[in-house]
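Engineer: sequence plus the predicted model coming up.
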Amino acid sequence: MKRRVVVTGMGMVSPLGTGVEKTWQALIQGKSGVARITKFDPTGFETQIAAEVKDFVPENFMDKKELKRMDIFIQYAMASSVMALEDAQLKITPANADRIGVQVGAGLGGLTTIENYHKILLEKGPSRISPFFIPMLIVNEAPGQISMRFGAKGPNSSVVTACATGNHNIGDAWRIIQRGDADAMIAGGVEATITPLAVSGFNAMKALSTRNHEPEKASRPFDKNRDGFVIGEGCGILILEELRHALDRGGKIYAEIIGYGLNGDAYHITAPAPDGEGAGRCMAMALRDTGVSPEEVDYINAHGTSTYYNDIYETMAIKRVFKEHAKKLAVSSTKSMTGHLLGGAGGVESIFTILTITRGIIPPTINYEAPDPECDLDYVPNVARQAGVKLAFSNSFGFGGTNAVLAFKKFEP
């Protein structure tokens, strides 16, 4: 039999606040984390808004010497890991170090560092480039730095799959524990790329909302008047443990992971496959993994990016997989409040999905004002809803046609 895997700790940095509880309270109150960009002067940019992290104090989690060696995305990952391990009360010792690993990814990595040092190179020459430049920007330095900080010597890796990154890292960490290669994993996704180059690039693709005059209403998944996603930043980290390992040490258990789907559209470099064909197959794969019937799924934390085709095709995919039950499902997009965290989306949204199960409250899809006839499910519009949720999915679909779906279940001994 496959080993059961549970979630015992969570940590988060998000546009709604640093810390899981602060973010969750803002989320269920329907608050938006979107505002005018402050990380650089956006004057002249087609998009001038983003969902920035506003209250992060890195010195609360690491010393200044460490900070000089880390891009901001690594800082977010480190801080979230500190919070998650404290929450789990998991101690890493020489006796268990090689059975505890780290699986954390980012979609774009240290773009802030790349842009900063490119400017230094042009203005001051190659002699002014720091020896920490490369270690600061590469994606796998996030799990690398985390493992060094805590002494975790188990599997250490990064999956980089654009907007599906967080879910893929959590899902792969789940399977590492399932097959017996580790007893616990620090897993999740992170992103910190609100930079001139990133915003310019997404603008060139016509992917971002340009609702600069009312930022808090710019991210509006499934709404007829949506005009693109809002770029966000942050990190979500889970502590995953083999069930017996968690019980033996008296760890609290938030939820159990019981399913994981991953596949590819094989269709287009950025656009989702027509009719949500790939997303549907991915959800069906996760459903098969769970071994339960479609009618037992209560809630889906949707990818829900607030882009035209994604929202329509995800809706179609849900209806294809769940058939008549699709109309009874609660489906919401928390990106309406956090913006789209790209590689960090799966991490934070997995935490939201777990809290929906443990707290019995479904976060809303805010800014849902004009129904789209092609998006006709129950999107929990504008106001959080109290409801008993035992089984929930978290969807993440990325550029390149890469898809990942996680299934979380209320823990039952």
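Structural biologist: Perfect, thanks for sending it. Numbers count the residues shown, from 1 in each chain.

Engineer: what's the pLDDT at the nearest residue to Leu16 once chain neighbours are set aside?
Structural biologist: The shortest distance from Leu16 to any non-neighbouring residue, by C-beta to C-beta, 6 or more residues apart in numbering, is to Ala26 (4.0 Å). In short, each C-beta sits where N, CA and C put it, glycine included. Note on Ala26: pLDDT of 98.

Engineer: so Ala26 is in which element?
Structural biologist: Element membership for Ala26 (DSSP states H and E) is helix 20-28.

Engineer: distance of Gly251 relative to Asp172?
Structural biologist: Distance, Gly251 to Asp172, by C-beta to C-beta, to the nearest Å: 22 Å.

Engineer: re the thing from before, show me what the helix holding Ala26 is packed up against.
Structural biologist: Packing partners of helix 20-28 (3 or more C-beta pairs under 8 Å, 6 or more residues apart in numbering; DSSP states H and E): strand 5-14, strand 17-18, helix 335-338, helix 345-359.

Engineer: out of those, deepest packed?
Structural biologist: Stretch with highest mean neighbour count among these: helix 335-338 (a mean of 30; mean count of other C-beta atoms under 10 Å).

Engineer: what about Gln89, how many residues nearby?
Structural biologist: Residue neighbour count, defined by other C-beta atoms under 10 Å, stands at 13 for Gln89.

Engineer: check Asn212 too.
Structural biologist: 15.

Engineer: OK, contacts around it?
Structural biologist: With contacts defined as C-beta atoms under 8 Å, 6 or more residues apart in numbering, the neighbours of Asn212 are 36, 47-49, 218.

Engineer: buried ones only from these, please, as a PyMOL command.
Structural biologist: Selection of the buried residues among the contacts of Asn212 in PyMOL, burial being defined by 16 or more other C-beta atoms under 10 Å:
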select buried, resi 47+48+49+218
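
Engineer: just to be sure, Tyr368 is in a helix?
Structural biologist: No - read with DSSP: H, G, I helix; E, B strand; the rest coil, Tyr368 is coil and lies in no helix.

Engineer: where do the helices sit along the stretch 51-200 of the chain?
Structural biologist: Per DSSP state H, counting those that start in this stretch, the stretch 51-200 of the chain carries helices over the ranges 64-67, 72-88, 111-124, 133-137, 141-150, 165-178, 196-204.

Engineer: for this structure, where's the lowest mean pLDDT among helices and strands?
Structural biologist: Across the helices and strands of the chain, mean pLDDT, DSSP states H and E gives its lowest value to helix 64-67, namely a mean of 91.

Engineer: identify all contacting residues around it.
Structural biologist: By C-beta under 8 Å, 6+ apart, helix 64-67 touches 58-59, 75, 78, 145.

Engineer: stretch 30-41 too?
Structural biologist: Against stretch 30-41 from outside (C-beta under 8 Å, 6+ apart): 14-16, 26, 42, 45, 48-52, 54, 194-196, 199, 212, 215-219, 230, 232, 336-339, 364, 366-367, 382-384.

Engineer: PyMOL command to pick out the buried ones of the residues you listed?
Structural biologist: Here is the PyMOL command that selects the buried residues among the contacts of stretch 30-41 (16+ other C-beta under 10 Å):
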select buried, resi 14+15+16+26+42+45+48+49+50+51+52+194+195+199+215+216+217+218+219+230+232+336+337+338+339+364+366+367+384
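
Engineer: distance check, the closest residue to Ile318 other than its chain neighbours against Gly398.
Structural biologist: The shortest distance from Ile318 to any non-neighbouring residue, by C-beta to C-beta, 6+ apart, is to Ala326 (5.2 Å). With distances taken as C-beta to C-beta, Ala326 is found 23 Å from Gly398.

Engineer: what do you get for Tyr267?
Structural biologist: In terms of C-beta to C-beta, Tyr267 sits 13 Å off from Gly398.

Engineer: please identify which of those two sits among more neighbours.
Structural biologist: Taking neighbours as other C-beta under 10 Å, Tyr267 and Gly398 compare with Gly398 leading, 27 against 14.

Engineer: would you mind measuring from that one to Pro131?
Structural biologist: Applying C-beta to C-beta, the value for Gly398 to Pro131 is 33 Å.

Engineer: mind listing what's buried in the helix holding Ala26?
Structural biologist: Neighbour-count burial for helix 20-28 [16+ other C-beta under 10 Å]: 20, 23-24, 26-28.

Engineer: stretch 361-377 too?
Structural biologist: Within stretch 361-377, the residues that count as buried by 16+ other C-beta under 10 Å are 361-368, 372, 375, 377.

Engineer: how about that stretch as PDB, C-alpha atoms only?
Structural biologist: C-alpha atoms of stretch 361-377 as PDB (Å, rounded to 0.1, in the frame of the first residue of the first chain):
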ATOM      1  CA  ILE A 361     -15.300  28.800   4.900                       C
ATOM      2  CA  ILE A 362     -15.100  29.100   1.100                       C
ATOM      3  CA  PRO A 363     -13.200  32.200  -0.100                       C
ATOM      4  CA  PRO A 364     -15.100  34.300  -2.600                       C
ATOM      5  CA  THR A 365     -14.400  35.400  -6.100                       C
ATOM      6  CA  ILE A 366     -14.500  39.200  -5.800                       C
ATOM      7  CA  ASN A 367     -15.200  41.700  -8.500                       C
ATOM      8  CA  TYR A 368     -17.800  39.300 -10.000                       C
ATOM      9  CA  GLU A 369     -20.300  41.800 -11.300                       C
ATOM     10  CA  ALA A 370     -21.300  40.900 -14.900                       C
ATOM     11  CA  PRO A 371     -21.900  37.200 -15.500                       C
ATOM     12  CA  ASP A 372     -20.300  35.700 -18.600                       C
ATOM     13  CA  PRO A 373     -22.800  33.300 -20.300                       C
ATOM     14  CA  GLU A 374     -19.800  31.000 -21.000                       C
ATOM     15  CA  CYS A 375     -18.800  30.900 -17.400                       C
ATOM     16  CA  ASP A 376     -21.900  29.600 -15.700                       C
ATOM     17  CA  LEU A 377     -20.800  27.800 -12.500                       C
END
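
Engineer: quick one: distance of it to the chain centre.
Structural biologist: Distance of stretch 361-377 from its chain centroid, counting by C-alpha atoms, centre = their mean, to the nearest Å, is 20 Å.

Engineer: give me the mean pLDDT for it.
Structural biologist: On average, stretch 361-377 scores 98.
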